[in-house]
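Asks: this one's structure only:
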């Protein structure tokens, strides 16, 4: 059984899309929001980010990433990646303030003790102390009957820095008593 095959010719069309490489990232406009506090996320409203490509017109782009805002910043960096090419532009005209840590709401535990001959200690109620600070006490321990003034001084807890935070009120004090 012999079959015969006829030769044939076929044409394949390959459509290639050429992309123009990303040359730079620029922006137009000004940020609608210019004032931030450390921990805020940059809001690009009011800005149009523009990709500038070789051999093509500049075009607006989305999917732009923005740098983390830090206390004292006056700009933010916008970064865009396209086809493996990353470009950035610095957006000026913002102000980032340090985040305030309010220690004024910290409350003292019991301020009146009865004399027993044993040492008494007064401290702040733990749940009223902001997590961003650590506390150092002065004159918060006594044994004898009398009136005392205890002082709680605040400093930054691990991971919190004066570059991004400010403690409002370095210390608080209270009078406390050991009665006879």
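Replies: Yes, it's here. Bear in mind the structure is a predicted one, so any value in this text is a computation, not a measurement. Numbering: from 1, shown residues only.
Asks: For the lengthiest strand in the chain, report the contacting residues that lie outside it.
Replies: If you go by DSSP state E, the chain has its longest strand at strand 146-156. By Cβ atoms under 8 Å, 6 or more residues apart in numbering, the residues outside strand 146-156 that reach it are 101, 103, 106, 108, 122-124, 132-140, 142, 162, 165, 167, 169-178. No exception for glycine: its C-beta is placed from N, CA and C like everyone else's.
Asks: likewise stretch 123-134?
Replies: So stretch 123-134 is contacted by 101-103, 105-109, 135, 137, 140, 152, 154-157, 160, 165, 167 (Cβ under 8 Å, 6+ apart).
Asks: Return the set of buried residues in it.
Replies: 124, 129, 130, 132, 133 (16 or more other Cβ atoms under 10 Å).
Asks: Quickly list what the last one is bridged to.
Replies: Just to be clear, that refers to residue 133. Note on residue 133: beta-bridge partners residue 156, judged by DSSP bridges.
Asks: which residues of this structure score low on pLDDT?
Replies: 1-6, 8, 12, 14-19 (pLDDT under 70).
Asks: isn't residue 114 right up against residue 145?
Replies: No - here residue 114 lies out of contact with residue 145, judged by Cβ atoms under 8 Å, at a distance of 9.0 Å.
Asks: okay, those two: which has more neighbours?
Replies: Between residue 114 and residue 145, residue 145 has the larger neighbour count (other Cβ atoms under 10 Å), namely 13 against 10.
Asks: Most widely separated two among the buried residues of stretch 123-134?
Replies: For the buried residues of stretch 123-134, the maximum inter-member distance is 14.4 Å, found between 124 and 132 (Cβ to Cβ).
Asks: just to revisit the earlier point, for the longest strand of the chain, the distance to its chain's centre please.
Replies: Distance, stretch centre to chain centre, for strand 146-156: 31 Å (Cα atoms, centre = their mean, to the nearest Å).
Asks: now the following helix or strand past that strand, how far from the centre of its chain.
Replies: Of the helices and strands lying after strand 146-156 in sequence (DSSP states H and E), the nearest is strand 165-168. Here strand 165-168 is found 15 Å from its chain centre; the criterion is Cα atoms, centre = their mean.
Asks: so what strands line up beside strand 165-168?
Replies: Neighbouring strands of strand 165-168 in its sheet, by DSSP bridges, are strand 99-102 (parallel).
Asks: The most centrally placed residue in the chain: what's its closest spatial neighbour, skipping adjacent residues?
Replies: Centroid check for the chain by Cα atoms, centre = their mean gives residue 39 as the closest residue, at 2.9 Å. Leaving aside its sequence neighbours, residue 39 sits nearest to residue 99 (Cβ to Cβ, 6 or more residues apart in numbering; 5.6 Å).
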